[in-house]
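> Sequence and predicted structure below; questions after.
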Amino acid sequence: MGFLLKKMISAWLAPLPVALVLLALGLWWTWSEETWKRGWWTGFAGFLLLYGAALPPTAHFMLAPLEANSPGYQMVASPAEHIVILGAGYHPVPGRPLTGQVSGSSVTRVTEAVRIARLHPKATVHCTGYGAGWTGSNAEAACAIAEAIGVPKLRLKVHPAPRDTEEEAAAIARSVGAGPVVLVTHAAHMPRARALFERAGVMVHPAPTGHVSGANPHWTAMPSSASLGTTSGAWHEWLGRWWVDFKDLFGR
């Protein structure tokens, strides 16, 4: 119940749902002579939020700080023993190839993990992520892709139960103890993921991938759906980081 509530709250706090709620309230209030001014200002606030969130400069300034300290995997002095791929979306459909059964983000993470696995030929590759009600799981699909592109099955370990990053960190802690592990996830997600793994007692060598922000923002007043998606994803990460800090503040 707590997991579903957390997901619902984080989903509704994204820029698009909040803007739509404000626009709907504004429309409702403008029908009454007594509340039309409140409705006008509420609707205008919803429009500004939606427009601002869809601007490329907004997306850049929301995302860039998350990716700033994640340049890429730095080869460790001693051979890595464990490489962890975090889950990132699973949607199997009969007849689709393996790469079509997981999100593009998941394919990106698996590809980077396989590259690192070739640098550390004795490391075990851990795939995490649940099935979200589908048959199978993100973890199984990710490991199947890794095997298909060259990682021997004996080097793969599946963790199909974790539903979010916190549960993934706990599962890896139970499996490998204090580590260290090479952690593969998207650059924007890495600060929160690393904090959760270290909170679970696992030492991390970060291996960020899937960078989106450039060196400089694209200065334009033209909104785009891509920028809205980037802003929403970055906002989700900021909320997640604040939630981790909040729980640490109160000892949980």
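Alright, I've got the coordinates.
> Could you check how far the lengthiest helix in the chain is from the centre of its chain?
Identified as the longest helix of the chain according to DSSP state H is helix 225-249. In this view, helix 225-249 has its centroid 9 Å away from the chain centroid, taken as C-alpha atoms, centre = their mean, to the nearest Å.
> Per the annotation, how does this protein divide into domains?
According to automatic domain parsing, the chain comprises the domains 2-67+225-249, 82-209.
> Let me know which of the ones you listed is tucked in deepest.
domain 82-209 (a mean of 20; mean count of other C-beta atoms under 10 Å). In this view, the C-beta of every residue, glycine as well, is placed from N, C-alpha and C.
> Average pLDDT for that domain, rounded please.
Domain 82-209 comes out with an average pLDDT of 94.
> end to end, how far does it reach?
End-to-end distance of domain 82-209 (C-alpha to C-alpha, to the nearest Å): 17 Å.
> Same question for stretch 200-207.
Termini of stretch 200-207 sit 18 Å apart (C-alpha to C-alpha).
> Name the nearest residue to the most centrally placed residue in the chain, ignoring sequence neighbours.
Nearest to the mean C-alpha position of the chain, by C-alpha atoms, centre = their mean, lies H189 at 5.0 Å. Spatial nearest neighbour of H189, excluding adjacent residues (C-beta to C-beta, 6 or more residues apart in numbering): E237 at 6.2 Å.
> Please report the distance of the one you found from V212.
12 Å (C-beta to C-beta, to the nearest Å).
> what's the answer for L25, then?
Taking C-beta to C-beta, one finds L25 at 32 Å from V212.
> Can you show me the CA trace of stretch 95-106 as PDB?
Extracted C-alpha coordinates of stretch 95-106, given in PDB (Å, rounded to 0.1, in the frame of the first residue of the first chain):
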ATOM      1  CA  GLY A  95       6.300 -11.400 -31.000                       C
ATOM      2  CA  ARG A  96       8.400  -8.400 -30.100                       C
ATOM      3  CA  PRO A  97      12.200  -8.700 -29.800                       C
ATOM      4  CA  LEU A  98      13.900  -8.600 -26.400                       C
ATOM      5  CA  THR A  99      14.800  -5.000 -26.900                       C
ATOM      6  CA  GLY A 100      11.200  -4.200 -27.500                       C
ATOM      7  CA  GLN A 101      10.000  -5.700 -24.200                       C
ATOM      8  CA  VAL A 102      11.800  -3.200 -22.000                       C
ATOM      9  CA  SER A 103      12.100   0.600 -22.200                       C
ATOM     10  CA  GLY A 104      14.800   2.400 -24.200                       C
ATOM     11  CA  SER A 105      16.300   3.500 -20.900                       C
ATOM     12  CA  SER A 106      16.700  -0.200 -19.900                       C
END
